[in-house]
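**Student:** Coordinates for the following, if possible.
(2 chains)
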Amino acid sequence: MWLINSSVGRKVVMSVSGLALILFLTFHACMNVVALFSRDGYNMICEFLGSNWYAVAGTVALAVLIAIHFVFAVILTLQNRKARGANRYAVSAKPDRVEWASQNMFVLGIIIVLGLVLHLYNFWFNMMFAEFANGGMAFATGLSATDGYGMMQYTFSCPVYTVLYLVWFAAIWFHLTHGFWSAMQTMGWSGKTWFNRWRCIGNIYVTLVMLCFVVVALYFAFCGSCCSATC
Amino acid sequence: MAKNISFTIRYWKQNGPKDAGHFEERRMHDIPDDTSFLEMLDILNEELINDGKEPFVFDHDCREGICGMCSLYINGTPHGKTERGATTCQLYMRRFNDGDTITVEPWRSAAFPVIKDCMVDRSAFDKIQAAGGYTTIRTGQAQDANAILIPKDDADEAMDCATCIGCGACVAACKNGSAMLFVSSKVSQFALLPQGRVEAAKRAKAMVAKMDELGFGNCTNTRACEAVCPKSESIANIARLNREFLKAKLAD
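**Tutor:** Model (predicted):
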């Protein structure tokens, strides 16, 4: 199977799964932005994405996608370390045009996975999982498992969580600024002209998506429970 | 007006691929700064031989930047740092300052085992080239020069790709030990021309398979390769190789 056996194939798997995850992040960011305008609207989405078969199927598909992306990243990293040889350079100078993110994708990926575990604990565990396992009540907060808005107020009222989430968002931003154009390059949809275009499009797109997450987190951190017109 | 500089050279000594290897140091005195880097190493070796020591082994041949034999990792950069890409033989001592310590290492990659000191075995590139880096054509009388019309832009780009001298700086610079810039340049030089299109799919598959078999790493698009390429090969070639490979696999 060339998607597993060849170096280009393995990179294609990384690219397709990565692009699909960027698409998911886009939906997630759009969903979060609703919380800035309407508590009811946001909770309606939470209910729609709760313990329904299609939402569970989507969650499983997403988990498979993340698992594939992560497992392939581990395989590629191990193969690349082996290809580098046993001896490392005593002196290394980084060329100017080499992005920091491009050389630290795996480390950034580890930070993202750790942030994901925290995120699943804060939200998925208290929402979708609680709907099945705790009779529709969140485990920690005393809120309804479909009250996503309340869950955000509760989570971001803790400054430590807010800082951790902002660090997580920064790691995702760095990861995606390289990941986006790199995926296009791997799929062969690049060239001398499109390389710069994809980089520009990717940077703008990823920055906008991540800004949505940051704005929502900061909104709930600073005025989620006091100055919201929808409270 | 040339000036003389004195510096310390720290060079890698390794007695074959199994040896652990180590650095040795020597103080070099009053080397004219219009000396080329390889001439400086010749001076070093003369001094070592005069002292009854074993000379430092490194690859070199044409010394005019076209053969791709010289291959030294100098102060953390393949071929040493210059404004524009250049091979080690085109590097001059005016790039260094009086009192510097210059560290010279071999290309470090599992696919390029050390033969001796800074001479590495790059026959893996020959094997990749032999796997498909050619066109199959009938010999016989040459056809008319204009029998196959090729747009000037395509001919120019194919020529740019063909200027890859296979020195291996791309592999040396890559944190993944990937040979994609080399392989993609060799695939591109044919894929851009009608004579090469006939076997384009077969070539892309065969050369990528051989590259993987020989233990080169997976490209993660860090762009370190194009930053150090002495012939300024572009990663647009890598995108083209990916395209050729994917098209070929999807057509199977």
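**Student:** Determine which residue lies closest to the centroid of chain B.
**Tutor:** Nearest to the geometric centre of chain B sits residue B:167, at 2.0 Å (Cα atoms, centre = their mean).
**Student:** If you rank every helix and strand of chain A by mean pLDDT, what lands last?
**Tutor:** Least confident helix or strand of chain A, by mean pLDDT, DSSP states H and E, is helix A:128-133 with a mean of 88.
**Student:** Just the buried positions in the helix or strand following that one, please.
**Tutor:** Next along the chain after helix A:128-133, taking DSSP states H and E as the criterion, comes helix A:148-156. By neighbour count with 16 or more other Cβ atoms under 10 Å in any protein chain shown, helix A:148-156 contains the buried residues A:148-156. All C-beta atoms are positioned from the backbone trio N, CA, C, and that covers glycine.
**Student:** Enumerate every residue touching the residue of chain A most remote from its centre.
**Tutor:** The C-alpha centroid of chain A is most remote from residue A:90, which lies 35.6 Å away (Cα atoms, centre = their mean). By Cβ atoms under 8 Å, 6 or more residues apart in numbering or on different chains, the residues touching residue A:90 are B:23, B:103, B:105.
**Student:** Neighbour-wise, which one of these leads?
**Tutor:** Tallying neighbours with other Cβ atoms under 10 Å in any protein chain shown puts residue B:105 at the head of the contacts of residue A:90, with 26 neighbours.
**Student:** Just the buried positions in the least confident helix or strand of chain A, please.
**Tutor:** So, applying 16+ other Cβ under 10 Å, buried residues of helix A:128-133: A:128-131.
**Student:** Give the helix, strand or coil label for residue B:148.
**Tutor:** Following DSSP: H, G, I helix; E, B strand; the rest coil, residue B:148 is assigned to coil.
**Student:** about what we covered before: run through the residues that contact the residue lying closest to the residue nearest to the centre of chain B once chain neighbours are set aside.
**Tutor:** Leaving aside its chain neighbours, residue B:167 sits nearest to residue B:68 (4.0 Å; criterion: Cβ to Cβ, 6 or more residues apart in numbering or on different chains). Residues in contact with residue B:68 (Cβ under 8 Å, 6+ apart) are B:87, B:165-168.
**Student:** And the helices in chain B?
**Tutor:** Listed in chain order, the helices of chain B (DSSP state H) span B:37-50, B:123-132, B:152-162, B:169-173, B:180-191, B:194-197, B:200-213, B:224-228, B:236-251.
**Student:** Would you mind saying which of those helices lies nearest residue A:112?
**Tutor:** helix B:224-228 (23.1 Å; Cβ to Cβ).
**Student:** packing partners for that closest one?
**Tutor:** helix B:169-173, helix B:180-191 (3 or more Cβ pairs under 8 Å, 6 or more residues apart in numbering or on different chains; DSSP states H and E).
**Student:** Neighbours of residue B:238, how many?
**Tutor:** Using other Cβ under 10 Å, residue B:238 is surrounded by 29 other residues.
**Student:** Oops, could you answer that again for residue B:19 instead?
**Tutor:** With other Cβ under 10 Å as criterion, residue B:19 counts 11.
**Student:** which ones are touching it?
**Tutor:** Neighbouring residues of residue B:19 by Cβ under 8 Å, 6+ apart: residue B:114.
**Student:** Could I get the phi/psi values of it?
**Tutor:** The phi/psi pair for residue B:19 (degrees, to the nearest 10) reads phi -70, psi 150.
**Student:** about what we covered before: need the winner for burial among the helices and strands packed on helix B:224-228.
**Tutor:** Compared across the helices and strands packed on helix B:224-228, helix B:169-173 shows the largest average neighbour count, a mean of 29 (mean count of other Cβ atoms under 10 Å in any protein chain shown).
**Student:** and that helix, what other elements does it pack with?
**Tutor:** Going by 3+ Cβ pairs under 8 Å, 6+ apart, helix B:169-173 lies up against strand B:77-78, helix B:180-191, helix B:224-228.
**Student:** re the thing from before, let me know which of the helices of chain B is tucked in deepest.
**Tutor:** helix B:169-173 (a mean of 29).
**Student:** Relative to the whole chain's centre, how far out is it?
**Tutor:** Centroid separation between helix B:169-173 and its chain, computed with Cα atoms, centre = their mean, to the nearest Å, is 7 Å.
**Student:** State the mean pLDDT of that helix.
**Tutor:** Averaging the model's pLDDT scores along helix B:169-173 yields 97.
**Student:** which outside residues touch that helix?
**Tutor:** Helix B:169-173 has contacts (Cβ under 8 Å, 6+ apart) with A:95, B:71, B:73, B:77-79, B:107-109, B:111-112, B:177-182, B:216, B:224-230, B:233.
**Student:** who's in contact with residue B:168?
**Tutor:** Counting by Cβ under 8 Å, 6+ apart, residue B:168 touches B:68, B:71, B:107, B:109, B:112, B:120, B:122, B:125, B:182.
**Student:** mind redoing it with 6 Å?
**Tutor:** The contact partners of residue B:168, by Cβ atoms under 6 Å, 6 or more residues apart in numbering or on different chains, come to B:71, B:107, B:122.
**Student:** One more: residue B:184?
**Tutor:** B:237-238, B:241.
**Student:** and which of those is nearest chain A?
**Tutor:** Comparing the contacts of residue B:184 against chain A with Cβ to the nearest Cβ places residue B:238 closest, at 6.7 Å.
**Student:** how far away is the closest residue to that closest one other than its chain neighbours from residue A:12?
**Tutor:** Nearest residue to residue B:238 in three dimensions, chain neighbours excluded: residue B:184, at 4.4 Å (Cβ to Cβ, 6+ apart). Going from residue B:184 to residue A:12 by Cβ to Cβ, to the nearest Å gives 15 Å.
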